[in-house]
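A.B. asks: give me a 3D structure for the following:
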Amino acid sequence: MSNEAKIDRSRMVPMNVRTWIRKLDLMTLRLFASITEERNIGRAAVRESIAPSAVTKRIQQLEDTLGFRLMYRDPKGTRLTAAGAIVDSHVKRILAAIDDLHHELGDFVVGVQGHVRLWANASALVEYLADDLGTFSRNFPSVTLDIDEGNSAEIEHAVASGLADVGICAPPLDPSHKLSIQPYRTDRLVAVVSVLHPLANAEKLTFLDLLGTDLIGGGTKSGMTRLLEQAAAQLKMKYQPKYRVASGEAARSLVRAGFGVSIQPSGMVWPYEDAERVRSVPIADKWAERDLCILTLAARPHSVALTALTTFLTDTRK
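C.D. replies: Got it, this is the predicted structure:
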């Protein structure tokens, strides 16, 4: 940088971030932005309804704080130094962020409003989410919700592609989607057996116990299938269900009819145990306790309504 752009060292302030935070103020940054747009201190002063001498003093203080001359002044107007051009680009971003903050907080003054598209898996909806969304809607009546059900792979894709603003599902997740992940609730996987099955009276079972039975599984691309395949691989075995169906309800029907054992989240089983004559037996393996996750796209700014929803859902965990 040329010597012409530097301030007299007797006025120079060390470039210390704490000094900047303490001495910089938004009004001075706004005046600086106005000068760069008007290219004239007098016109900027009129625009901001402040005396030209006060504008000049603030700019001098800004230069003292940063330690560099930011603009040249002559009778024709002002022009930025190289350092001034750098400051100008950052000042514009800072003021734009302040404007966004003002706009978003303004929504809270009149009440959170908006529209959120949510995708969730069946276990989350049945166990917790339906009730939580009901409470959220009563607290935020001006936020409308679109709710779709899907498996974990479908939910991940919906959020990553922009079809959904937020998704609720269980791991494992695909890291290539670059999603922001927050914890929601915890659920436990159980073995679903007929009341007449030899394992019906067991207090708990291991996954190794279940791999030796006729298993009733779900779709090959479902999150549950991926989880069970990984768990089997850790045991140096393969997860190969004898039957595959698309829904938990269909799987329980086959269980009741004596075809085998299904693995499902506990919340999708216990409400139906008596009516369907099935029993849920806890799976002892550590991985059988799963964290349901809240997924959003990391690169996408959140609307006020989406922020309100994700904050509400994460708070339910506390």
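
A.B. asks: any low-confidence regions in the protein?
C.D. replies: 1-15, 104, 106-111, 318 (pLDDT under 70).

A.B. asks: strands along that one, start to end?
C.D. replies: 71-74, 77-80, 114-120, 143-149, 166-169, 179-194, 215-217, 243-244, 261-265, 278-282, 289-297 (DSSP state E).

A.B. asks: surely residue 278 meets residue 199?
C.D. replies: No - here residue 278 does not reach residue 199: they are 11.6 Å apart, not a contact under CB atoms under 8 Å. Heads up, the C-betas are built off the backbone N, CA and C, glycines and all.

A.B. asks: dump the strands of the chain to JSON lines, plus distance to residue 226 and mean neighbour count.
C.D. replies: Converted to JSON lines, those look like this (distance: least, CB to CB, whole Å; neighbours: other CB atoms under 10 Å):
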{"stretch": "strand 71-74", "distance to residue 226": "59", "mean neighbour count": "14"}
{"stretch": "strand 77-80", "distance to residue 226": "56", "mean neighbour count": "16"}
{"stretch": "strand 114-120", "distance to residue 226": "17", "mean neighbour count": "21"}
{"stretch": "strand 143-149", "distance to residue 226": "18", "mean neighbour count": "15"}
{"stretch": "strand 166-169", "distance to residue 226": "11", "mean neighbour count": "27"}
{"stretch": "strand 179-194", "distance to residue 226": "13", "mean neighbour count": "20"}
{"stretch": "strand 215-217", "distance to residue 226": "11", "mean neighbour count": "22"}
{"stretch": "strand 243-244", "distance to residue 226": "14", "mean neighbour count": "15"}
{"stretch": "strand 261-265", "distance to residue 226": "13", "mean neighbour count": "25"}
{"stretch": "strand 278-282", "distance to residue 226": "21", "mean neighbour count": "21"}
{"stretch": "strand 289-297", "distance to residue 226": "12", "mean neighbour count": "20"}
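
A.B. asks: out of those, the one nearest residue 254 is which?
C.D. replies: strand 215-217 (5.1 Å; CB to CB).

A.B. asks: elements contacting that closest one?
C.D. replies: Judged by 3 or more CB pairs under 8 Å, 6 or more residues apart in numbering; DSSP states H and E, strand 215-217 is in contact with helix 223-234, strand 243-244, helix 248-256, strand 261-265.

A.B. asks: if you set the cut-off to 7 Å instead, what comes out?
C.D. replies: Applying 3 or more CB pairs under 7 Å, 6 or more residues apart in numbering; DSSP states H and E, one finds that strand 215-217 contacts helix 248-256, strand 261-265.

A.B. asks: partners of that strand, with directions?
C.D. replies: strand 243-244 (parallel), strand 261-265 (parallel) (DSSP bridges).

A.B. asks: related to what we said a few turns ago, which neighbours do residue 278 and residue 199 share?
C.D. replies: residue 193 (CB atoms under 7 Å, 6 or more residues apart in numbering).

A.B. asks: now for this structure: which helix has the highest residue count?
C.D. replies: helix 82-110 (DSSP state H).

A.B. asks: relative to residue 166, how far out is residue 282?
C.D. replies: 30 Å (CB to CB, to the nearest Å).

A.B. asks: for residue 284, that is, sorry about that
C.D. replies: 33 Å.

A.B. asks: equivalent analysis for residue 89, please.
C.D. replies: 33 Å.

A.B. asks: now swap in residue 98 and tell me
C.D. replies: 27 Å.

A.B. asks: so what's the backbone phi/psi at the residue lying farthest from the centre of the chain?
C.D. replies: Distance to the chain centre peaks in the chain at residue 75, reaching 52.5 Å (criterion: CA atoms, centre = their mean). Dihedral angles phi and psi of residue 75 (degrees, to the nearest 10) take the values phi -60, psi -20.

A.B. asks: ok, now how distant is it from residue 30?
C.D. replies: 25 Å.

A.B. asks: dump the residue contacts of the closest residue to residue 225 other than its chain neighbours.
C.D. replies: Nearest residue to residue 225 in three dimensions, chain neighbours excluded: residue 218, at 5.7 Å (CB to CB, 6 or more residues apart in numbering). Going by CB under 7 Å, 6+ apart, residue 218 touches 224, 225, 244, 245, 246.

A.B. asks: right, I'll leave it there.
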